[in-house]
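Enquirer: Next comes the sequence, and after it the predicted model I'd like to discuss.
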Amino acid sequence: MRRYIYVLLSTLLLLSLALPATNVHAASPNLITNPLVETASTTSTPANWLQGNWGTNTSAFSYPTTGSGTDTRSVEVQMSSYTNGDAKWYFAPVVVTAGDTYTYSDSYTASTPTEVIAQFQTAGGALSYQDFGAAPASSAWVQYSDSFTVPTGTTEMTVFHLIESVGTLQTNNFSLTAAT
């Protein structure tokens with residue numbers, strides 16, 4: 001019996017050495033806290049989310065109880081007049097590693113083309129920006145996605161999916177993950 005076990009174990013060891021190695025990578029975690037904007041900090045604001053605007057425009061921010069797919073919440077910006085500037089909801093900045101590649105995505109509907117811009121911050125507080133480009137208008141929920149490399153010196157970042165013309169932008173289902 002002992003001899004049988006020894007032969008069996010030896011055979012298994014030889015087979016394991018002969019099989020090609022397979023690397024298994026776990027999916028990177030989503031770095032955004034409250035990525036589905038389901039958790040409210042108040043009735044009009046999701047937890048860990050901020051709103052901002054600048055320039056000469058009239059913007060209204062809301063926290064609708066509708067979203068893409070089965071998501072029950074979203075964030076919305078409606079701009080009723082525009083001369084310049086922008087308006088956006090954005091997640092609280094998260095810690096990232098300079099030089100690493102990340103992928104950002106969200107789901108959105110928009111009555112006008114919108115822009116997606118990353119804001120990078122150094123430990124000293126200096127800000128820099130990377131324009132990911134335009135996201136086309138869409139009356140149906142669609143996904144926006146882009147990959148990028150974090151600039152040298154960056155310690156934190158956030159992403160602005162913003163509106164800069166008269167119209168409405170509604171977003172949810174946010175993701176920021178490190179590439180594996």
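Expert: Nice, I can see it.
Enquirer: For Val95, give the beta-bridge partners.
Expert: For Val95, the beta-bridge partners are Glu156 (DSSP bridges).
Enquirer: Would you check that it makes contact with Thr158?
Expert: No: with contacts counted by C-beta atoms under 8 Å, Val95 stays clear of Thr158, the gap being 11.2 Å. (C-beta placed from N, C-alpha, C; glycine too.)
Enquirer: hey, where'd the strands end up in the protein?
Expert: 40-42, 45-46, 49-54, 57-62, 75-82, 86-91, 94-95, 101-110, 114-122, 127-135, 138-149, 154-163, 167-178 (DSSP state E).
Enquirer: Export the ones you listed to TSV and append columns for distance to Thr33.
Expert: Listed next are the strands of the chain as TSV, based on distance: least, C-beta to C-beta, whole Å:
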stretch	distance to Thr33
strand 40-42	11
strand 45-46	10
strand 49-54	9
strand 57-62	19
strand 75-82	14
strand 86-91	7
strand 94-95	8
strand 101-110	15
strand 114-122	17
strand 127-135	21
strand 138-149	20
strand 154-163	11
strand 167-178	10
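Enquirer: Next, format those as TSV and append distance to Pro29, mean pLDDT and mean neighbour count.
Expert: Output for the strands of the chain, formatted as TSV (distance: least, C-beta to C-beta, whole Å; pLDDT from 0 to 100; neighbours: other C-beta atoms under 10 Å):
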stretch	distance to Pro29	mean pLDDT	mean neighbour count
strand 40-42	22	89	11
strand 45-46	19	94	20
strand 49-54	19	96	15
strand 57-62	28	98	16
strand 75-82	22	98	19
strand 86-91	14	98	23
strand 94-95	11	98	12
strand 101-110	12	98	20
strand 114-122	19	98	19
strand 127-135	21	97	13
strand 138-149	17	97	14
strand 154-163	16	98	22
strand 167-178	7	97	21
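Enquirer: quick one: contacts for Ala178?
Expert: 28, 31, 96-97, 100-102 (C-beta atoms under 8 Å, 6 or more residues apart in numbering).
Enquirer: swap in Phe61?
Expert: Residues near Phe61 by C-beta under 8 Å, 6+ apart: 44, 51, 75-77, 87, 89.
Enquirer: Which of the residues you listed sits closest to Gly124?
Expert: Gln51 (25.6 Å; C-beta to C-beta).
Enquirer: and the gap between the nearest residue to the closest one once chain neighbours are set aside and Gly85?
Expert: Using C-beta to C-beta, 6 or more residues apart in numbering and skipping the chain neighbours, the partner closest in space to Gln51 is Phe61 (4.7 Å). Applying C-beta to C-beta, to the nearest Å, the value for Phe61 to Gly85 is 14 Å.
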